[in-house]
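# coordinates only, sequence not included:
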């Protein structure tokens, strides 16, 4: 399915990350997206339309409808069938990431996690109400008894995602990071630049601070020509 048309225009507010119309998806050589953030010098006010004021065609261009959602769901059914059959997926064409709970086993596991969690919470709540109490911390601890395994599984998937991204970035050109200067470092650089600009370049004559006061170079030349007087 082709991507949705962007609703952003040249009149869109500043500080918005947006797609570059010239950006293309390529396997190697370029980064697929170009994002930018800009800040205007003056405040601008933009009118935001209410959903009821949108033309039907604009709504159709921006939001997915039921048929398009059905097409999206149908597009990954073949991948789910391959996962359930135990076939090895071609990572270049298909990926199981994000479809873990779309399989029968995954959907049942998620259902059990939710069921066990709210049963523990409701049982603890009923127990407290029996004694006319409200202990939110006790309810949270009961919920964690079930959710801690979900947290662990999510953390493991996140670590695997990090490895997968690092492997993908091997084929992407390395962009040198520019270290952000601290205010103190910026002040030192500014002072160094100012001192450098004040320093005379080679071949340039030294100017006197006072016309009546000879420069140090003149004194050196004069001292080298005069012999010390004998007393």
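Now that the structure is in, tell me what you want to look at. Please read these numbers as outputs of a predicted model, since none were measured by experiment.
# what is the burial count for residue 83?
Residues near residue 83, counting by other Cβ atoms under 10 Å, number 19. Every C-beta, even on glycine, is put in place using the N, C-alpha and C of the backbone.
# pretty sure it is touching residue 104, no?
No. Assessed by Cβ atoms under 8 Å, residue 83 is found out of contact with residue 104, at 10.1 Å.
# and residue 89, what element?
Residue 89 is part of no helix or strand when elements are defined by DSSP states H and E.
# show me the contacts for it.
The neighbours of residue 89, taking Cβ atoms under 8 Å, 6 or more residues apart in numbering as the test, are 79, 82-83, 95-96.
# now residue 69
With Cβ under 8 Å, 6+ apart, residue 69 has no contacts at all.
# quick check: which element contains it?
In the assignment (DSSP H and E), residue 69 maps to helix 66-75.
# state the mean pLDDT of that helix.
Helix 66-75 carries an average pLDDT of 86.
# ok, now stretch 143-161?
For stretch 143-161, the mean pLDDT works out to 90.
# likewise stretch 108-122?
For stretch 108-122, the per-residue pLDDT averages 92.
# quick thing: my sequence starts at 836, can you match it?
Taking 836 as the first residue, the last one we looked at is stretch 943-957.
# who are the packing partners of the longest helix anywhere in the chain?
Of all segments of type helix in the chain, defined using DSSP state H, the longest is helix 971-1003. Judged by 3 or more Cβ pairs under 8 Å, 6 or more residues apart in numbering; DSSP states H and E, the packing partners of helix 971-1003 are helix 939-965.
# which secondary structure elements does the helix it packs on contact?
On a contact count with 3+ Cβ pairs under 8 Å, 6+ apart, helix 939-965 meets helix 971-1003.
# buried sites along the helix it packs on?
Residues 974, 977-978, 981-982 are the ones in helix 971-1003 that count as buried (16 or more other Cβ atoms under 10 Å).
# do the same with stretch 906-923
911, 914-915, 918.
# ok, back up a step: what's the angle between the longest helix of the chain and helix 939-965?
Orientation check (axes from the mean of the first three to the mean of the last three Cα atoms, to 10 degrees): helix 971-1003 against helix 939-965 gives 160 degrees.
# what's the local residue count around residue 941?
For residue 941, the neighbour count with other Cβ under 10 Å is 16.
# which one is it nearest to, not counting chain neighbours?
residue 935 (4.8 Å; Cβ to Cβ, 6 or more residues apart in numbering).
# tally of neighbours for the one you found?
Applying other Cβ under 10 Å, we find 15 residues neighbouring residue 935.
# same thing with residue 879?
For residue 879, the count of nearby residues is 8 (other Cβ under 10 Å).
# which strand or helix spans residue 894?
Here residue 894 sits within helix 891-897, counting by DSSP H and E.
# got the domain boundaries for this protein?
Partitioning the chain according to automatic domain parsing yields domains covering residues 842-934, 938-1007.
# same list, the ones you listed, but as JSON lines with distance to residue 1026 please.
Compiled in JSON lines, those are given as follows (distance: least, Cβ to Cβ, whole Å):
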{"stretch": "domain 842-934", "distance to residue 1026": "27"}
{"stretch": "domain 938-1007", "distance to residue 1026": "39"}
